[in-house]
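Colleague: mind looking at a prediction? Sequence and model below.
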Amino acid sequence: MSERFQVDLSGMVDLLSRHLYSGPQVYLRELIQNAVDAVTARAALDPEAPVRIRLSTGTDASGNSTLEVTDTGVGLTADEATELLATIGRSSKRDATLGTGRAEFIGQFGIGMLAAFMVAEQIEFTSRSAKPGTVPIRWQGRADGTFDVTELPDAGPEVEVGTTVRLTARRDTAHWLANETVLGLAREYGSLLPFDVAVRVPIEGGAGSTGGAEQTVWRRVTEPELPWRIEYPSGSARSRALTEYCERTFGFTPLGHIDLELPVAGVTGVAFILPQAVTPGSGQHRVYMKRMLLSARTDRVLPEWAFFIRAVIDSDTLSPTASREQLHDDEILLGVRDALGEQVKRWALDTLRTPSQLTQQVLRTHHLALRAIALTDSDMLSLVAEVLPFETSDGPMTLSAVAKQGELVYTSTTEAFQRVAAVARAQGLVVVNAGYVYDSDLLAKLAARPGWNVRELTSSDLVQVLGMPGVEREMAVAGALSVARGVLADEDCDAILRAFEPETVPAMLLRDPEGEHKRDLDRERGESPDLWDGLLDSFAGEGQGRTRTLVLNDRSPVARRLLASPGGEVFGAGLRSLYLSAVMLAGEGLRSAESAALSDSLGVLLDAALHAPEPTPEPEPTPEPDSDSDS
Ligand SMILES: Nc1ncnc2c1ncn2[C@@H]1O[C@H](COP(=O)(O)OP(=O)(O)OP(=O)(O)O)[C@@H](O)[C@H]1O
């Protein structure tokens, strides 16, 4: 004889509460959901039947907290109660042929009732089935896995068609059945349900507080229409109402909203634009399934780049996972995500080309998100190039505006930009800072477009625009420069002289991206010579020039003074100090050996200054009317 599997109820409940659901709070969602499905099933039989769901908290004779959820749904017969309530995995809501949930119901798995045992010691159903000629029943299930079904042939008309589910809490879970908790959870999960759902709440300052019987009222927790579907007399009235809805729901005042609508997939919703920039990957959207909250924080309904909006979506086609807290990553979800992403892009393309306060705010706050979208979308790339201001050595400019002037030259790091910006500006060279996330990739995409002349800045670009010192001056400093090259050889750095503005910059460090790669390899080799020997050599190439160039500024008095006295310890220390300050100015940190070298150099300079013979005070010069001390 074959035997039936036994189920250990407490083990199942433990499994659900620890591994399936995010926490015991979902018990209320499951109860409301069952009530909603029951009234839906009854409405299909009798469209005139009342549609009402009521939640009422209280205490039983032993002082245990209780919650009653009463619905005017189809109810249950004794046989149905035995079959459906006491059989885990059995549901009345599945399509017999397809084996999937039926479109009109939210439930489908036949495990939801178990969630109630996360907070209740005992669950009692009192029900009168809508089927004519049936007797009301009482079903009592206990956490120890036992249950009874009793017929109530003497029940009067007070037991109407429908069901009352009564939960009795354990001592340690009483707080889950507290009135404010139930009200809060009912609102959180059920506020968009198209049914009359109400919670009995005490009247503030009512008789309860003065010792008499507590006065209560039914507080409706549902809104009759989806907030984005309500008709308003004007667009601005609708915007105001949606802003208020966003403030209530998400707690922020949005910059604007984007309507989302996919009739084929039964998806509607609205996305709110965040007032502050957020980090990528933090997309958190509110998803409703048949108007019941599925998750307040899912990132799956919109593409990853949509992190600058928070959406509220209601769908009747997406499938939930068994926890009913996440979406199944199936083909439908994939299609919905792409189509909704497309709608957000359309909105951006239609809105952000027109100058307005909203455009300005969105560009300022969410440029990172727009860059992210532009990476995968050619229209968005055009939009970004047209409207997004980039940092350039000539102030903020759009990429299109820079490109109009001819070639678009950029640095791929902000450090490189900082290094050259002041000098490039002074020489009239426009350089774009493409150091922010996504920028280099965006520029590489633009470079591939016909008509766009885009390339990364090289050292020679700058060297070419810097003024050459005259031939005579070059001859005069040739010796000093050669000594300087000797000093900087260890740093793999060349030294040249140019005349450029501003004169307050005595020296500038230029890096060749190619050469820099070699330098990094050299560094690694220095740190782990054995491991890398040979291998790195093969990458490093041969016979290249220096990877960096220290450009001394002939307009700077400091640089001129240094070049005037080449050789000796002080020259070496002075040059090294200029080199290391240029490294720091370039936004690079100093390695420990470099910090030590800087400190040594400063020591040499100090010694030289302190031990230098006191200059003999010269007699005050008689001021001459037109004297120029620099000439
Ligand atoms: N308030 C109610 N009125 C009528 N029948 C109910 C009620 N609550 C539960 N039932 C019956 O008990 C069955 C089991 O409920 P349960 O919540 O465990 O699963 P489900 O709702 O079918 O699926 P899911 O696990 O997806 O929620 C339901 O299919 C339904 O037939």
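Modeller: Great, that's in hand.
Colleague: wait, what's in contact with the single nearest residue of the stretch 151-300 of the chain relative to the ligand?
Modeller: For the stretch 151-300 of the chain and the ligand, the shortest gap (C-beta to the nearest ligand atom) falls at residue 163, measuring 4.0 Å. C-beta coordinates here come from the backbone N, C-alpha and C atoms, glycine included. Neighbour list for residue 163: 35, 38, 70-71, 73, 75-76, 125-127 [criterion: C-beta atoms under 8 Å, 6 or more residues apart in numbering].
Colleague: helix, strand or coil: sort out it for me.
Modeller: Of the three states, residue 163 takes strand under DSSP: H, G, I helix; E, B strand; the rest coil.
Colleague: state the number of residues packed around the closest residue in space to it that isn't next to it in sequence.
Modeller: The shortest distance from residue 163 to any non-neighbouring residue, by C-beta to C-beta, 6 or more residues apart in numbering, is to residue 127 (4.1 Å). A count of nearby residues for residue 127, using other C-beta atoms under 10 Å, gives 28.
Colleague: ok, residue 104 next?
Modeller: If we define neighbours as other C-beta under 10 Å, then residue 104 has 13 of them.
Colleague: that one contacts residue 43, correct?
Modeller: No. Residue 104 lies out of contact with residue 43 (C-beta atoms under 8 Å); the separation is 9.3 Å.
Colleague: residues making contact with stretch 357-367?
Modeller: Identification of contacts with stretch 357-367 by C-beta under 8 Å, 6+ apart yields 255-256, 273-277, 308, 348, 351-353, 370, 387-389.
Colleague: buried residues, that stretch. List them.
Modeller: Across stretch 357-367, burial judged by 16 or more other C-beta atoms under 10 Å covers 359, 362-363, 365-367.
Colleague: swap in stretch 575-583?
Modeller: By 16+ other C-beta under 10 Å, the buried positions in stretch 575-583 come out as 575-580, 582-583.
Colleague: and if you look at stretch 77-89?
Modeller: Across stretch 77-89, burial judged by 16+ other C-beta under 10 Å covers 77-78, 80-82, 84-86.
Colleague: got it, and stretch 419-430?
Modeller: For stretch 419-430, by 16+ other C-beta under 10 Å, it's 419-427, 429-430.
Colleague: who touches that stretch?
Modeller: Residues outside stretch 419-430 that contact it (C-beta under 8 Å, 6+ apart): 392-394, 397, 402, 405, 409, 411, 431, 433, 457, 461-462, 465-466, 500-502, 505, 508-511, 585-587.
Colleague: PyMOL command to pick out the buried ones of those residues?
Modeller: Provided next is the PyMOL selection string for whichever of these are buried by 16+ other C-beta under 10 Å:
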select buried, resi 392+393+394+397+402+409+411+431+433+457+461+462+466+500+505+508+509+510+511+585+586
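Colleague: in the stretch 451-600 of the chain, which spans are strands?
Modeller: Along the stretch 451-600 of the chain, counting by DSSP state E, counting those that start in this stretch, strands occupy 454-456, 493-498, 507-511, 548-553.
Colleague: I'd like the average pLDDT over the first one.
Modeller: Per-residue confidence for strand 454-456 averages out to 91 on the pLDDT scale.
Colleague: next one: the second one
Modeller: Here the mean pLDDT over strand 493-498 is 91, rounded to a whole number.
Colleague: same question for stretch 400-408.
Modeller: Mean pLDDT, stretch 400-408: 93.
Colleague: ok, stretch 414-427 next?
Modeller: Over the span of stretch 414-427, the pLDDT mean works out to 81.
Colleague: can you name the residues that contact residue 501?
Modeller: Residues in contact with residue 501 (C-beta under 8 Å, 6+ apart) are 423, 426-427, 555.
Colleague: cool, residue 267 as well?
Modeller: Applying C-beta under 8 Å, 6+ apart to residue 267 gives the contacts 260-261, 313-315, 317-318, 336, 340.
Colleague: restricted to helices, list the buried residues of stretch 419-430.
Modeller: Mapping these onto helices (DSSP state H) picks out 419-427.
Colleague: which one of the residues you listed is nearest to residue 177?
Modeller: Relative to residue 177, the closest of those is residue 421; by C-beta to C-beta it sits at 64.1 Å.
Colleague: from the ligand, how far off is the closest one?
Modeller: Separation of residue 421 from the ligand (C-beta to the nearest ligand atom, to the nearest Å): 61 Å.
Colleague: show me which residues of the stretch 1-150 of the chain sit near the ligand.
Modeller: Residues of the stretch 1-150 of the chain found near the ligand (C-beta under 6 Å from any ligand atom) are 30, 33-35, 38, 71, 73-76, 84-85, 91-93, 107-113.
Colleague: now with 8 Å, please.
Modeller: 30-31, 33-35, 37-38, 41, 69, 71, 73-76, 80, 84-85, 88, 90-94, 101, 105-115, 125, 127 (C-beta under 8 Å from any ligand atom).
Colleague: pretty sure residue 359 is in a helix, no?
Modeller: Yes. Judged by three-state DSSP, residue 359 forms part of a helix.
Colleague: if I look at it, what pLDDT would I see?
Modeller: What the model reports as pLDDT for residue 359 is 96.
Colleague: ok, back up a step: packing partners of the strand or helix carrying the residue nearest to residue 163?
Modeller: Under the criterion of DSSP states H and E, residue 127 resides in strand 120-128. Applying 3 or more C-beta pairs under 8 Å, 6 or more residues apart in numbering; DSSP states H and E, one finds that strand 120-128 makes contact with strand 137-142, strand 162-169.
Colleague: and the angle for the last one with strand 137-142?
Modeller: Going back to what we said before, that points to strand 162-169. Between strand 162-169 and strand 137-142, the angle comes out at 20 degrees (axes from the mean of the first three to the mean of the last three C-alpha atoms, to 10 degrees).
Colleague: of all the residues in the very next helix or strand once past strand 162-169, which ones are buried?
Modeller: The helix or strand immediately downstream of strand 162-169 is helix 179-190, counting by DSSP H and E. Using 16+ other C-beta under 10 Å as the test for burial, helix 179-190 gives 179, 181-183, 185-186, 189-190.
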